[in-house]
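Undergrad: I'd like to go over a predicted model; first the sequence, then the structure.
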Amino acid sequence: MLDCQLYGLKAGWHHFTNVLLHTLAAMLLFLALQQMTGAVWRSAFVAAVFAIHPLRVESVAWIAERKDVLSGVFFMLTLLAYVNYVRLPRIRGYLVVVFLFACGLMSKPMLVTLPFVLLLLDYWPLDRIKGQLWKRVAEKIPLIALSAVSSVITFLVQKSAVGQTEELPIFERINNAVVSYVLYIWQMLWPVNLAVFYPHPENRLPPWEIVCCLLVVMCITVAAIALRTHRPYLLTGWLWYLGMLVPVIGLVQVGWQGRADRYTYLPQIGLYIAATWGVANLTALHRHRRATLSTVAVLVIAALSSCAWVQTSYWRNSETLFRHALAVTTNNDVAENNLGIVFLGQGKLDEAISLLQSAVDLRSDNSPAHENLAKALLQKGEVDNALVHYRKLLELQPDNIEVHNIVGTVLIQQHRIREGVEEWRKGLAIDPNNGNAMSNLAWVFATSPDDSLRDGAKAVQFAEQALRISGGRIPIIFRTLAAAYAESGQFSEARQTAQRGIELANSQGNSALAAELQGNIALYQERQPLRDSNLTNGSSSP
């Protein structure tokens, strides 16, 4: 809200805010690690990799992912506040930790695992666990309580979210989670073929891949535990990675994605820490250690910077972004749908229809693809085919009022008046305050040439309600209400209402509607109700 107040809708400035927050998060990460470990250059390298890794591009370039960079700032601030509390354990310092953690949770609920991270830091590098494990756990209880509240709220919200795929079998979710843990590591080491969307593999993962990934996770875990005495940073870093990914690894599946670059924003810091301290210790006795590590660090950061530059270039516009996603992934119905939307906006109907048809062929329950395909087919004039996809959409989303209204209008255009009325009635049954359905029904009840469809009393009732809902700001509703009054024999009210519609239409520059209403007034002066011949031949919408 503040960005829009300051910048309006200028995308560059919104991006600037994301970059600023991400930069601040990287600087705070350096300060937190340096204060906890005293290792300046290792802390700087971890912060630099965090700042520039190509996997960070999505969180920064995608303006709507502001929650990633904002929660990142509060995450780092919480770490710093916790270090200060450890050094000077006072209630005031602890309250600062709680406050910053609460701000982080409000930015993004993924921070629910932060109390667990603080417990890992107590183990290493703060060294506060020995003989005091339960005391340290008890110390985190207020933070754990905040996490619990946030988790419950998030679960309840996501339970009703559009696109939830909780119906995926639990084994498919577990298999994907195991494979994703390893794929994220591979993408960290070899950041190529990154995409804005990775489709969920569902049951398409080969058993050998699942088994191999499970063995990798188990072997690293066993190695970290075995080396915990002399290499405690390995256990802290590895469990940081495993634990922070739990909320987004897909065990509770929301949406159609199998994984996402943005999910690694904070979890991979643990891997950076483990790898950086591990390499530093392994080369401790190397004769030219400083020069070698400095050279390698510069080369790594330069390589990651180059990859990040390339990855950022794919975000220049929607067409480039989703073309790239289709080029580096398979079975990506979401990318096909989104690229279809781009072509639809460009007026490339054939290209749009081809992509959108492919999307619904890949996933028959892809509601957005059915809706966009129906729109494209309507624009091309293939009304019957469009209705097929609107009907499918209503099977998937029976409470979608907007689609009921659209289908009703399309049916009216096809001379299927009663079916159109029935669709609008369904919409009104879902939401009794839907002004669009009310106005459409009022028009049919007031102006239909079919005596069996006209109902002046209902027309007045619906039109008056629609006018109240609109706040009297839509001139065409005055036209409907005037026609309803005329059908009910209230010709004086019809003329007055039509005149108000003329004044409003003129004030909005709608001279065509004003002229039409003027003609209607002449009809009402002769005490004749209005009849819409289009409701018989279906050549236009009411």
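TA: Yep, it's here.
Undergrad: Not counting its neighbours along the chain, what's nearest Tyr82?
TA: Val97 (5.2 Å; C-beta to C-beta, 6 or more residues apart in numbering). Quick note: C-beta positions are derived from backbone N, CA and C, even for glycine.
Undergrad: Same question for Gly93.
TA: Distances taken as C-beta to C-beta, 6+ apart put Tyr85 closest to Gly93, at 3.9 Å, once the chain neighbours are dropped.
Undergrad: Which of the helices or strands spans that neighbour?
TA: Following DSSP states H and E, one finds Tyr85 within helix 66-87.
Undergrad: Helix, strand, or coil at Thr330?
TA: coil (DSSP: H, G, I helix; E, B strand; the rest coil).
Undergrad: ok, residues contacting the helix holding Tyr85?
TA: Here helix 66-87 makes contact (C-beta atoms under 8 Å, 6 or more residues apart in numbering) with 17-18, 21-22, 24-25, 28-29, 31-32, 35-36, 59-60, 93-94, 96-97, 100-101, 103-104, 107-108, 110-111, 114, 118, 121, 126, 128, 262, 265-266.
Undergrad: In helices, which of these appear?
TA: 17-18, 21-22, 24-25, 28-29, 31-32, 35-36, 59-60, 93-94, 96-97, 100-101, 103-104, 107, 114, 118, 121 (DSSP state H).
Undergrad: Just the buried subset of the residues you listed, please.
TA: 17-18, 21-22, 24-25, 28-29, 31-32, 35-36, 59-60, 93-94, 96-97, 100-101, 103-104, 107, 114, 118, 121 (16 or more other C-beta atoms under 10 Å).
Undergrad: Next, give phi and psi for Asn400.
TA: phi -80, psi 100 (degrees, to the nearest 10).
Undergrad: State the number of residues packed around it.
TA: Number of residues near Asn400 (other C-beta atoms under 10 Å) recorded here: 19.
Undergrad: give the contact list for Tyr263.
TA: 110, 184, 245, 248-249.
Undergrad: State the pair within these that is farthest apart.
TA: The most widely separated members of the contacts of Tyr263 are Met110 and Tyr184, with 14.3 Å between them, by C-beta to C-beta.
Undergrad: And those two? Which one has more around it.
TA: Set Met110 next to Tyr184 and count neighbours by other C-beta under 10 Å: Met110 wins out with 25 against 21.
Undergrad: Report the buried residues of stretch 507-518.
TA: Buried residues in stretch 507-518 (16+ other C-beta under 10 Å): 510, 513-514, 516-517.
Undergrad: Redo those as TSV? Include distance to Ala376, secondary structure and pLDDT.
TA: As requested, the buried residues of stretch 507-518 are exported to TSV (distance: C-beta to C-beta, whole Å; DSSP: H, G, I helix; E, B strand; the rest coil; pLDDT from 0 to 100):
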residue	distance to Ala376	secondary structure	pLDDT
Asn510	28	coil	96
Leu513	29	helix	96
Ala514	34	helix	96
Glu516	31	helix	96
Leu517	34	helix	97
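Undergrad: In a markdown table, list these along with distance to Val216.
TA: Formatted as a markdown table, the buried residues of stretch 507-518 follow (distance: C-beta to C-beta, whole Å):
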| residue | distance to Val216 |
| --- | --- |
| Asn510 | 66 |
| Leu513 | 67 |
| Ala514 | 72 |
| Glu516 | 71 |
| Leu517 | 73 |
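Undergrad: Tell me how far the residue positioned nearest the centre of the chain lies from His15.
TA: Centroid check for the chain by C-alpha atoms, centre = their mean gives Ala64 as the closest residue, at 7.8 Å. Counting by C-beta to C-beta, to the nearest Å, the separation of Ala64 from His15 is 12 Å.
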